[in-house]
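# need a 3D model of the following:
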Amino acid sequence: MSINKSQSFLTFQLANELFAISVHKVLEIIETDEEHNITPLPKAPPTVSGVINFRGNVIPVIDTRMKFDMPFYQEGERFVVMVLNLQIGDTKHLVGCKTDKVVDVIEIDMDKVEDVPAIAKGYNSEYIDGVVNRNERFIMLLNLEEAIGSDDIVSLKKEDVELEEASEQTVENKE
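Here you go, the predicted model:
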């Protein structure tokens, strides 16, 4: 009896690169429109585009291209926000990540995952768990917990406090 070693991944595109993350981390894909505008945060780290309201929760949105040293989004360029539930340290965090587009949900045989080639080490490969060749195209398996990491979470917690204070002031000013 063989053990099934395949897992489901959501593939998405950033610039011309194809990435994949476990479908179990994805809560929702949000097309950018008027209803889900990203609200910028003052003094936010450059990798944080701002925050959105997701089911009553204010969550940070990470500019994934910037995080991976890729070309920045141009004004008016379309993107989607993947809302993810990430386990960072002992805590679960809801985080949005900007991506160019979601491509597909695929099954990947984990026995076919290869190590990141040495030549790619300058390409923020510390965030990549492995590479799969599928249909003559390489897909990088992304470790977003590692990419966002504890340093970013500390920054985001600080921003949450600032956002909460700003919200309280807004409410006080209306009264």
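
# ends of stretch 51-71, what's the gap?
21 Å (C-alpha to C-alpha, to the nearest Å).

# any buried residues in that stretch, and which?
Of all the residues in stretch 51-71, those buried under the rule 16 or more other C-beta atoms under 10 Å are 51-52, 54, 58-68, 70. Heads up, the C-betas are built off the backbone N, CA and C, glycines and all.

# pull the distance from that stretch to the chain's centre.
7 Å (C-alpha atoms, centre = their mean, to the nearest Å).

# which strands border the host helix or strand of Phe9, and is each parallel or antiparallel?
Per DSSP states H and E, Phe9 falls inside strand 6-14. Here strand 6-14 is paired, per DSSP bridges, with strand 17-22 (antiparallel), strand 101-109 (antiparallel).

# would you turn the ones you listed into a markdown table with distance to Leu94, mean neighbour count and mean pLDDT?
Shown next, in a markdown table, are the strands paired with strand 6-14 (distance: least, C-beta to C-beta, whole Å; neighbours: other C-beta atoms under 10 Å; pLDDT from 0 to 100):
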| stretch | distance to Leu94 | mean neighbour count | mean pLDDT |
| --- | --- | --- | --- |
| strand 17-22 | 15 | 19 | 93 |
| strand 101-109 | 18 | 14 | 92 |
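
# let's see stretch 133-148 as PDB, backbone CA atoms only.
The C-alpha trace of stretch 133-148 is given here as PDB (Å, rounded to 0.1, in the frame of the first residue of the first chain):
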ATOM      1  CA  ASN A 133       9.200  21.500 -12.400                       C
ATOM      2  CA  ARG A 134       5.700  21.300 -13.700                       C
ATOM      3  CA  ASN A 135       4.900  21.500 -17.400                       C
ATOM      4  CA  GLU A 136       8.300  22.800 -18.200                       C
ATOM      5  CA  ARG A 137       7.800  25.700 -15.700                       C
ATOM      6  CA  PHE A 138       9.400  26.000 -12.300                       C
ATOM      7  CA  ILE A 139       7.200  26.700  -9.300                       C
ATOM      8  CA  MET A 140       8.700  27.900  -6.100                       C
ATOM      9  CA  LEU A 141       7.100  26.600  -2.900                       C
ATOM     10  CA  LEU A 142       6.900  29.600  -0.700                       C
ATOM     11  CA  ASN A 143       7.200  29.700   3.100                       C
ATOM     12  CA  LEU A 144       5.300  32.800   3.900                       C
ATOM     13  CA  GLU A 145       5.700  32.400   7.700                       C
ATOM     14  CA  GLU A 146       9.400  32.700   7.200                       C
ATOM     15  CA  ALA A 147       9.000  35.500   4.700                       C
ATOM     16  CA  ILE A 148       6.800  37.600   7.000                       C
END
